[in-house]
Each structure stands twice: as structure tokens, then as C-alpha cells.
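Engineer: structure here, sequence nowhere to be found:
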């Protein structure tokens, strides 16, 4: 909240100040690269009423001064000198060109911060008016990942403190993307596809939610556990984590995949159909990547391309049959896969040449081949040669392209395709208003993207506050999420 001139409060005012990686100023290992400046971005998710200009200065080893017009939610602070700096900020209710000798409406308590190449910087500025303390203008670390789920969505930030909107099986009760207190140091989260979720930190894999089939991995099965619990046997340094309807999987630090929970269709991949309340490995040689977990099937991107196992009633394993598999099968035509996604009963892969192949259920057009015909083997989506990522919901699929745009296809009854209609699409359809997309997540009937300006847009099913816009209203077009 921010103190207002008249009544004392005008509403939430949140922002983000973080060093931007990959801008020619950050070393890959996070150490100083010898450059003499760093780049910072400032992303305001809510502008206070009447605020028009932010004046921000840094004094000390890193000195700078600039005025930022508050008409855009995303501002680049440009090249900043490295080193310690005392940050001062003032907010005016007039245009930057009209400040002159006018006193600022709000003044921030000075804060000291050190700018380093490749190091995420966070600070909090406490705003005052007439010496009365307001609360805060928050600068939070870069958002580095986005993940959607059935009961909520989450943002992974560079400081490991998830911003969560929705419930996600007890993780928060936020209606916008706001910090939660149950998990720290999160590197990846797999929100619920049905009724449980998992996340990984540098030290452990955690799961919580429904546990009727042992999908939380604690060695027992039961009903509910809304507290994130360590999954034994995975250990530190896990590389990926994913959840299905009633099973979970992770890739351990040694590269071996482990799965646990329901195994009625062989989705654990260990050659049986016996449930397991603890992680089981199935001897795939170290090295597979691109773990993706569908409702009742699982896929990995291995040396020979995609491999899948589990339920195959719709051909979602891609082996030309509808026979369930309790051990992995290689999906033909998927060599050179760079992105892999498993949905409700379908799967898709992006190859290194930018083409996309999908297989399995196609009742809503979720394979993108212009038909609603089920496919037991991969079919190439016509006209797509620049895809870099694919993500799959229950009955829809979305593709992120090299130019930062997003295309979706399949079921659109909840607006998951983001084209402003409720009409299913069997061919890729561009999502209007999305540009500079750097991360994409589709799950259930919700889709979210992270743009290179740190804005998050979501659309589709929103009854669980999945879109982070403070409402539970379904969104048929991309809606800017609020991030705190």
C-alpha cells in the first residue's frame, strides 16, 4: 500500500528491480565478467492513482540519476555502474518534465544496494508522505519461470520465493501472485494436474495434497497432507519434477528418473502395474531430460528422442498402438527433440528444426493437424518451423515461437486458447497481445506466459484464481497478472 495525499491510502503499488541475465552484462556462472556496468529492469504491476513520475538516484561507487515516466508497467533502467550505491527514490504526481522545483508527493527511505553483474538484486523502499510512514514500494527479484495448475498458478523467482495465485493444494490463499511462506528456495514447481503438487529445491523434492495412491512418496498412502513433505530417496540436486493425476516423477541428480504413486496403467515405468508409495527407478541410462508427466502417462526426452509409458488408450504413447506400456517405448520421428509435453491424453514434441509433432487424443483438435482424428503415431503440425517450446493442458496445446509469440489449439470452452472466443481450434492460432514470451505453461484449461519485460499474462480457467488477476472470472483473452 502507498500513502495518498488526501485520504492516506491509494492501493497496492508493486515493482521489480533485478539484474537482467543475458543482456551482454552477465557471466553465465553468475560472477563478474569484467564489464563496468549492469542492466536493471523495473516492472510495475500496479501504478498508484495520480503517480506520474519516479525519480531514482544512486550515490556512492555506483552513481546514477534518472526520471522514469510511470505510464508503462515495464521500464528499463539501462546501464548502471557496478558497485555499492545508496538508492533514493521519489514519486511525483506530475509529469517528469514538470517536476522543476516541486516537492515529491512520496519520498522513500534511502537503501543501500550493491550492483553486480549476474547477481539478482532486491530491495524494499519504504515510502513516506509528510514524514508519515506508508508501507512499501517493493522491488522483487526477476521472475524466471511460470507454472499453471488446476487449483492455482505459480511464478518461480530468482530468490526462490514462489509467488502463488490460488490454492495449489494448500500452498496459499492468494488471489494474485504473492509470496507464500511454506516453501523456500524453490527451483521448480509442478502445480496440481488433479489434486496434488510437487516442487524441487537444491536440497529436496517436496510433494503435498491428495495421497490416496502414495503420490506424495512418503512410504504410505492416505488422504490429505497440505504441508509440503520431503520425498525420500531423491536427495539433493534433482533436475526436474512433474505430476500426473495420481503419480509423480523426478529426475535425480544422477540423471535417473524416479516415479511413485498410482501405477494402474504402468505410468511409473518400472515394468509392473503395482502402486508404489516410494520412488522407484527403472534403469534408464543416465542422461534423459525433458521430463513431462501427463494425466496417466509419462514421457522423457532421451538419447533416441521421446520415450513414453503408461496409459495408451488414445495413442498418447505414440507407438502406433493403444496398448498400455509399463516400460518405456521409443516414439518414432522424435529424434532431436528439444521440448516435450504430455497432456491429458496426448503428447507433443518440438524438434531442433523448429517443427512440432503431436500424437494421441484429438477430440478437440489438440494435435493441431487440422483434424479431430486420433493419432496413434506422431503427426507433424503444418506450417510451424520456428517453435522453441510446447506445453499441454488437458485438452489444449500451446507453442512458443522463436519470435516470442504464442500459438494455441484444441479445446477453447474455458478460453484456454486466448483468442477471445470459445471456439475450439484444430490448427495453431496466434494469441493476440502476447509478445516477447520467454516461458510458457499450459495445464488443465489455463495458460500463462512470462514475457521478456517481466510481465505475466494468463488466460482460460480462473475459478481457482489461476490467472492472478484478483478475480475468479474466466478469461478468454490474455489478462495481465498482478505480481507482488
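Structural biologist: Yes, it's here. Just so it is clear, the model here is predicted, and its values are computed rather than measured.
Engineer: switch to C-alpha atoms for all contacts and neighbour counts from now on
Structural biologist: Will do.
Engineer: pLDDT score for the residue nearest to residue 94 when sequence neighbours are not counted?
Structural biologist: Using C-alpha to C-alpha, 6 or more residues apart in numbering and skipping residues adjacent in sequence, the residue nearest residue 94 is residue 52, 5.4 Å away. pLDDT for residue 52: 84.
Engineer: for the spatially most central residue of the chain, which residues count as its bridge partners?
Structural biologist: In the chain, the residue lying closest to the centroid (C-alpha atoms, centre = their mean) is residue 146, at 0.9 Å. Note on residue 146: beta-bridge partners residue 155, judged by DSSP bridges.
Engineer: hmm, the residue nearest to residue 94 is touching residue 92, no?
Structural biologist: Yes. Assessed by C-alpha atoms under 8 Å, residue 52 is found in contact with residue 92 at 6.0 Å.
Engineer: quick check, residue 160 in contact with residue 184.
Structural biologist: Yes. The pair residue 160 / residue 184 is scored as a contact, 5.9 Å apart, by C-alpha under 8 Å.
Engineer: which one of these two has more residues nearby?
Structural biologist: For residue 160 and residue 184, the more surrounded residue by other C-alpha atoms under 10 Å is residue 160, and the numbers stand at 19 against 13.
Engineer: chain neighbours aside, what residue packs nearest to the more buried one?
Structural biologist: Leaving aside its sequence neighbours, residue 160 sits nearest to residue 185 (C-alpha to C-alpha, 6+ apart; 3.9 Å).
Engineer: likewise residue 407?
Structural biologist: residue 430 (4.2 Å).
Engineer: now the one you found: how far from residue 474?
Structural biologist: Separation of residue 430 from residue 474 (C-alpha to C-alpha, to the nearest Å): 19 Å.
Engineer: which residues of the stretch 201-350 of the chain score low on pLDDT?
Structural biologist: For the stretch 201-350 of the chain, residues meeting the criterion pLDDT under 70 lie at 285-287.
Engineer: if you set the cut-off to 80 instead, what comes out?
Structural biologist: For the stretch 201-350 of the chain, the stretches with pLDDT under 80 are 283-289, 303.
Engineer: helix, strand, or coil at residue 290?
Structural biologist: Secondary structure, DSSP: H, G, I helix; E, B strand; the rest coil: residue 290 is strand.
Engineer: quick one, strands of the stretch 101-250 of the chain?
Structural biologist: 106-108, 111-115, 123-129, 132-139, 143-148, 152-157, 163-166, 174-179, 186-190, 196-201, 205-210, 224-230, 240-243, 247-251 (DSSP state E, counting those that start in this stretch).
Engineer: residues contacting the residue located most distally from the centre of the chain?
Structural biologist: Distance from the C-alpha centroid of the chain, by C-alpha atoms, centre = their mean, peaks at residue 101 (44.1 Å). If you count contacts by C-alpha atoms under 8 Å, 6 or more residues apart in numbering, residue 101 has none.
Engineer: how far away is the residue nearest to residue 160 from residue 204?
Structural biologist: To residue 204, residue 185 is 10 Å away according to C-alpha to C-alpha.
Engineer: okay, these two: which has more neighbours?
Structural biologist: More crowded of residue 185 and residue 204, by other C-alpha under 10 Å: residue 204, with 19 against 16.
Engineer: so the more buried one sits against residue 239, correct?
Structural biologist: No. Counting by C-alpha under 8 Å, residue 204 sits too far from residue 239 to count as a contact (10.5 Å).
Engineer: confirm for me that residue 256 is in contact with residue 283.
Structural biologist: Yes. Applying C-alpha under 8 Å, one finds residue 256 in contact with residue 283, separated by 7.2 Å.
Engineer: more neighbours, these two?
Structural biologist: In this view residue 256 and residue 283 are compared by other C-alpha under 10 Å, and residue 256 has more residues nearby, 20 against 11.
Engineer: quick check: the more buried one vs residue 265, distance?
Structural biologist: Distance of residue 256 to residue 265, given as C-alpha to C-alpha: 21 Å.
Engineer: who's more crowded, residue 52 and residue 92?
Structural biologist: The neighbour comparison of residue 52 against residue 92 (other C-alpha under 10 Å) goes to residue 92, with 22 against 17.
Engineer: against residue 66, how distant is the residue farthest from the centre of the chain?
Structural biologist: 16 Å.
Engineer: what of residue 461?
Structural biologist: Taken as C-alpha to C-alpha, the span from residue 461 to residue 66 is 41 Å.
Engineer: surely residue 97 is within a helix?
Structural biologist: Yes. Assessed by three-state DSSP, residue 97 belongs to a helix.
Engineer: list the contacts for it?
Structural biologist: Not one residue lies near residue 97 by C-alpha under 8 Å, 6+ apart.
Engineer: residue 301 - how many residues pack around it?
Structural biologist: Per other C-alpha under 10 Å, the neighbour tally for residue 301 reads 26.
Engineer: on the three-state scheme, it is what?
Structural biologist: strand.
Engineer: isn't it up against residue 257?
Structural biologist: No. Taking contacts as C-alpha under 8 Å, residue 301 lies outside contact range of residue 257: 11.2 Å.
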